[in-house]
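Asker: pasted the sequence and its predicted model underneath.
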Amino acid sequence: MSAPPLIALKQVRKTYNAGLPNEAEVLHGIDLQVNPGEFIALMGPSGSGKSTLLNIVGLLERMSAGSYQLQGEEMVGLDDGGLTLRRRRLLGFVFQFHHLLPAFTALENVTLPALLAEGRVSDAQRARAKDLLDAVGLSAALNKRPSELSGGMQQRVAIARALVMNPPLVLADEPTGNLDTVSSDDVFVLLRRIHVERGTAFVVVTHDARLGARCDRLVELVDGQISRDEAVSAAREAPG
């Protein structure tokens, strides 16, 4: 029997300014499944609804209508505390701008999700954070602050932070959009290596068709609707 989907969206709609003269529906009945271990590119033109959809999947924003099941549990009807708990336990986030705390070291930034979730960082979580920083090639930068790291290195810290709670799914919003071509390729290869080695599922929002072609599945949004959802016939990125 196949594993149930991590994410199951059915007829998801999102309306801003409901009931006002400037009311605007930006998502028009989205149906989407994300299965364990998938590596998905979410693409589409500016204004197509990609970030709104990712925010809904990430439990950062509520939908206006529809159903959203996360690991088989319906998210509609949960209060803010319930959504926050599930977001911290089940989802990791990587953004275009890394959002590292400037006064924290790399290690402290990586352990931040554990601190927020539990009010403390256990020895096991600190050891996992060190292992993750080693995995992303930053074992020598544990005690460095963001200002001492390059943009690519800061994004690697952000990737380690996204993984510290061992989430089954990581959502990445333009994770290479603020990097040069070499750093962008390095970060993408790192994401693919983590996907292969750890079985973590990824949904990566990108405007870069070159990177989208190196994912396993492409979901394209146009005007708030899914216009394409298909496997990508590209060779799997070899772990680097």
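Answerer: That came through, no problem. Residues are numbered from 1 along each chain as shown.

Asker: once you drop chain neighbours, what's closest to Ala160?
Answerer: Spatially, and ignoring its direct neighbours in sequence, Ala160 is nearest to Leu132 (3.9 Å; Cβ to Cβ, 6 or more residues apart in numbering). Any C-beta I mention is one placed from the backbone N, CA and C, and that applies to glycine too.

Asker: please apply the same query to Leu91.
Answerer: Leaving aside its sequence neighbours, Leu91 is closest to Pro167 (5.3 Å, by Cβ to Cβ, 6+ apart).

Asker: wait, isn't the one you found in contact with Thr200?
Answerer: Yes. At 7.2 Å, Pro167 and Thr200 qualify as touching, with contact defined as Cβ atoms under 8 Å.

Asker: separation between Ser147 and Pro113?
Answerer: Computed as Cβ to Cβ, to the nearest Å, the Ser147 to Pro113 distance reads 22 Å.

Asker: more neighbours: those two, which one.
Answerer: Of the pair Ser147 and Pro113, Pro113 is the one with more neighbours under other Cβ atoms under 10 Å, namely 23 against 9.

Asker: what strand or helix carries that one?
Answerer: In this structure, Pro113 sits in helix 106-118 according to DSSP states H and E.

Asker: list the buried residues in that helix.
Answerer: Taking 16 or more other Cβ atoms under 10 Å as the neighbour-count basis, helix 106-118 is seen to contain the buried residues Ala106, Leu107, Glu108, Asn109, Val110, Thr111, Leu112, Pro113, Ala114, Ala117.

Asker: so what pLDDT did the third one get?
Answerer: Spelled out, it's Glu108. Predicted confidence (pLDDT) at Glu108: the value is 92.

Asker: got the contact list for it?
Answerer: Contact analysis of Glu108 by Cβ atoms under 8 Å, 6 or more residues apart in numbering lists Leu101.

Asker: try it again at 10 Å.
Answerer: By Cβ atoms under 10 Å, 6 or more residues apart in numbering, the contact set of Glu108 is Leu100, Leu101, Leu115, Val121, Arg126, Ala129, Leu142, Asn143, Arg145.

Asker: with the fifth one instead?
Answerer: For Val110, the residues meeting the contact criterion (Cβ under 10 Å, 6+ apart) are 100, 104, 121, 125-126, 128-130, 132-133, 136, 138, 142, 157-164.

Asker: what about Pro45, how many residues close to it?
Answerer: Using other Cβ under 10 Å as the criterion, the residues surrounding Pro45 number 12.

Asker: same question but for Ile226, I mixed them up
Answerer: 21.

Asker: got phi/psi on it?
Answerer: When read as degrees, to the nearest 10, the backbone of Ile226 gives phi -80, psi 120.

Asker: wait, it touches Ile40, no?
Answerer: No. Applying Cβ atoms under 10 Å as the test, Ile226 and Ile40 come out as separate, 11.8 Å apart.
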